[in-house]
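K.L.:
Sequence plus predicted model, see below.
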Amino acid sequence: MKYKGVICFSAIDWNFLRQRVHYLTEEFAEKGLKVLFIENTGVRALELKDLRRILSRLNSAWDTRINNQLPNNIELFSPLALPFPYNYPAIIYNTGYLKRRINAFLKAYNLEPAEVLFYLSGYPCSYQPS
């Protein structure tokens, strides 16, 4: 089966220092794949030093001009996730919030999950067999 889309969970925001994840997603888009670039969720315990990043995230989440400046076939999603990593209601909210956005992306381009490459950039991944 040929992939038709990519959903990239990035640990780096789009407008931050350009790294491999940016070049890879642009290459996917140039090949004709629809790309959803999900910026860092920022789910961690808040500190005062995070204020600048929070304000930046609010700006990018509501600034529709940013999507107009992206290469063709790339959509940017700046999640406004609740920053409470071990709080059960926050986990439920954040999970549902991400699912709704991913499902909207799939529906907009008539994509089935099997046709989409899920790409995790910079996130530690582990597999624990049962």
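P.N.:
In hand now; what should we look at?

K.L.:
how far does stretch 77-89 stretch from start to finish?
P.N.:
22 Å (C-alpha to C-alpha, to the nearest Å).

K.L.:
now that stretch, how far from the centre of its chain.
P.N.:
13 Å (C-alpha atoms, centre = their mean, to the nearest Å).

K.L.:
now do the same end-to-end measure for stretch 40-52.
P.N.:
In stretch 40-52, first residue to last residue: 15 Å (C-alpha to C-alpha).

K.L.:
any idea of the mean pLDDT in that stretch?
P.N.:
Average pLDDT, stretch 40-52: 69.

K.L.:
now do stretch 89-104
P.N.:
For stretch 89-104, mean pLDDT rounds to 92.

K.L.:
what's the answer for stretch 107-121, then?
P.N.:
Mean pLDDT, computed over stretch 107-121, is 91.

K.L.:
What residues sit buried inside it?
P.N.:
For stretch 107-121, burial by neighbour count (16 or more other C-beta atoms under 10 Å) applies to Tyr109, Leu111, Glu115, Val116, Tyr119, Ser121. (C-beta placed from N, C-alpha, C; glycine too.)
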